[in-house]
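# Mind folding the following:
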Amino acid sequence: MAGHSKWAKVKHFKGAIDAKRARIFAKLSREVTIAAKLGGGDPDLNPRLRMALLKCRSANMPSDNIERAIKKGTGGADTGTYEDLTYEIYGPGGVALLVELSTDNRNRTAAEVRAILTRLGGSIATAGSVSRLFQRKGQIFVSRDSADEDRLMELALEAGAEDFRVEPEGFEVLTEPGQFEAVHRRIESGGVKSAAAEVTWLPTLAAPVDAQLAREVNRLIEALEEHDDVKEVYSNAEFGGGPT
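Modelled structure (predicted):
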């Protein structure tokens, strides 16, 4: 996700213009449909669907859209056969990118992604060379006006959170992936609504970029995000406010 801080994704969802919001909703609807098709329409029994619904909530996606997507996935309609892929990419200046996709045509997607990389200065990396620069973590954002700092910290750490960070925009809770749901449920059962929550990839080694390079990296990230098959783009670019 392109941006200048760890809160960029929250702002990206909340502040998206109508055209971009429609694209975000379309991608989320597709993920909900795939998740429902693979694991059923009950989020309590379908972890992938639960994660997709959290993203829908973070993006303020209308409930009618969500219900239609679930029905499409569970209704027996031919929605194609999708497989999940992760591309490891080097962008301009050696910035590392992890790109998660769901595709019903691996060869078509590969050709289209390579065309984007050729046009905007990226390249496919050797397997493992990029993924080793990231770690899988649960990440929960809570805005300052949604929680008392001491109360939120108590809820999070008692539930098994790994770290609690105070930032200008609000609070960030980090967990091991296996503890994410327990921590998130405890926070929300304590009356605190999160601004965004997901299991994500966080960089372990940041790549500082100057203003010119930042523009090039953002162009590549945005082009990848606009591709229909791309679900998420993670980067270790540091734009002066932390990795994206």
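# Enumerate every residue touching Thr200.
136-139, 232, 234 (CB atoms under 8 Å, 6 or more residues apart in numbering). Heads up, the C-betas are built off the backbone N, CA and C, glycines and all.
# who wins for neighbours among the residues you listed?
Greatest neighbour count in the contacts of Thr200, by other CB atoms under 10 Å, goes to Gly138: 24 neighbours.
# quick one: what helix or strand has it in it?
Here Gly138 sits within strand 134-143, counting by DSSP states H and E.
# Restricting to C-alpha, output that strand in CSV.
Backbone C-alpha positions of strand 134-143 (Å, rounded to 0.1, in the frame of the first residue of the first chain) are rendered in CSV as follows:
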residue,chain,number,x,y,z
PHE,A,134,9.0,-9.0,5.9
GLN,A,135,7.3,-10.7,8.9
ARG,A,136,3.7,-11.8,9.3
LYS,A,137,2.0,-9.9,12.0
GLY,A,138,-1.5,-9.0,13.2
GLN,A,139,-2.0,-5.3,13.2
ILE,A,140,-4.9,-3.3,14.8
PHE,A,141,-5.3,0.4,14.5
VAL,A,142,-7.5,2.4,16.9
SER,A,143,-8.0,6.2,16.6
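# Partner strands of that strand, with direction?
Its sheet considered, strand 134-143 pairs with strand 170-175 (antiparallel), strand 196-203 (antiparallel) by DSSP bridges.
# same for whatever helix or strand comes next after that strand, what does it pack against?
Where DSSP H and E defines the elements, the next helix or strand beyond strand 134-143 is helix 149-158. Helices and strands touching helix 149-158, as assessed by 3 or more CB pairs under 8 Å, 6 or more residues apart in numbering; DSSP states H and E, comprise strand 163-167, strand 170-175, helix 180-189.
# Ser29 is nearest to which of these?
For the helices and strands packed on helix 149-158, the distance to Ser29 is smallest for helix 180-189, at 22.5 Å, taking CB to CB.
# any weak-confidence spans in the protein?
Residue ranges of the chain with pLDDT under 70: 1-19, 77-79, 240-244.
# which parts of the longest helix along it are buried?
Secondary structure of the chain per DSSP state H: the longest helix is helix 18-39. Neighbour-count burial for helix 18-39, counted by 16 or more other CB atoms under 10 Å, picks out 21, 24-25, 27-37, 39.
# and the gap between the residue lying closest to Leu174 once chain neighbours are set aside and Ile140?
Nearest residue to Leu174 in three dimensions, chain neighbours excluded: Asp163, at 4.2 Å (CB to CB, 6 or more residues apart in numbering). Computed as CB to CB, to the nearest Å, the Asp163 to Ile140 distance reads 11 Å.
# shared neighbours of the two, which are they?
By CB under 8 Å, 6+ apart, the residues touching both Asp163 and Ile140 are 173-174.
# okay, those two: which has more neighbours?
Neighbour count, other CB under 10 Å: between Asp163 and Ile140, Ile140 has more, with 25 against 11.
# if we can go back for a sec, the longest helix of the chain - contacts with which helices or strands?
Looks like helix 18-39 contacts helix 47-58, helix 63-74, strand 96-103, strand 230-235 (3+ CB pairs under 8 Å, 6+ apart).
# what angle do that helix and helix 47-58 make?
160 degrees (axes from the mean of the first three to the mean of the last three CA atoms, to 10 degrees).
# Contacts for helix 18-39, please.
13, 16, 45-49, 51-53, 55-56, 59, 61, 65-66, 68-70, 72-74, 79, 82, 102, 226, 228, 230-231.
# CA atoms only for that helix, dumped as PDB, please.
Provided in PDB are the C-alpha atoms of helix 18-39 (Å, rounded to 0.1, in the frame of the first residue of the first chain):
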ATOM      1  CA  ASP A  18     -15.600   7.900  -5.500                       C
ATOM      2  CA  ALA A  19     -13.800   6.300  -8.500                       C
ATOM      3  CA  LYS A  20     -11.200   4.800  -6.300                       C
ATOM      4  CA  ARG A  21     -13.700   3.800  -3.600                       C
ATOM      5  CA  ALA A  22     -15.700   1.900  -6.300                       C
ATOM      6  CA  ARG A  23     -12.500   0.000  -7.300                       C
ATOM      7  CA  ILE A  24     -11.800  -0.800  -3.600                       C
ATOM      8  CA  PHE A  25     -15.300  -2.100  -3.100                       C
ATOM      9  CA  ALA A  26     -15.100  -4.200  -6.300                       C
ATOM     10  CA  LYS A  27     -11.900  -5.900  -5.100                       C
ATOM     11  CA  LEU A  28     -13.300  -6.500  -1.600                       C
ATOM     12  CA  SER A  29     -16.500  -8.000  -3.100                       C
ATOM     13  CA  ARG A  30     -14.400 -10.300  -5.100                       C
ATOM     14  CA  GLU A  31     -12.400 -11.500  -2.100                       C
ATOM     15  CA  VAL A  32     -15.600 -12.000  -0.100                       C
ATOM     16  CA  THR A  33     -17.100 -14.000  -2.900                       C
ATOM     17  CA  ILE A  34     -14.000 -16.200  -3.200                       C
ATOM     18  CA  ALA A  35     -13.800 -16.700   0.500                       C
ATOM     19  CA  ALA A  36     -17.400 -17.600   0.800                       C
ATOM     20  CA  LYS A  37     -17.100 -20.000  -2.100                       C
ATOM     21  CA  LEU A  38     -14.100 -21.800  -0.600                       C
ATOM     22  CA  GLY A  39     -15.200 -21.900   3.000                       C
END
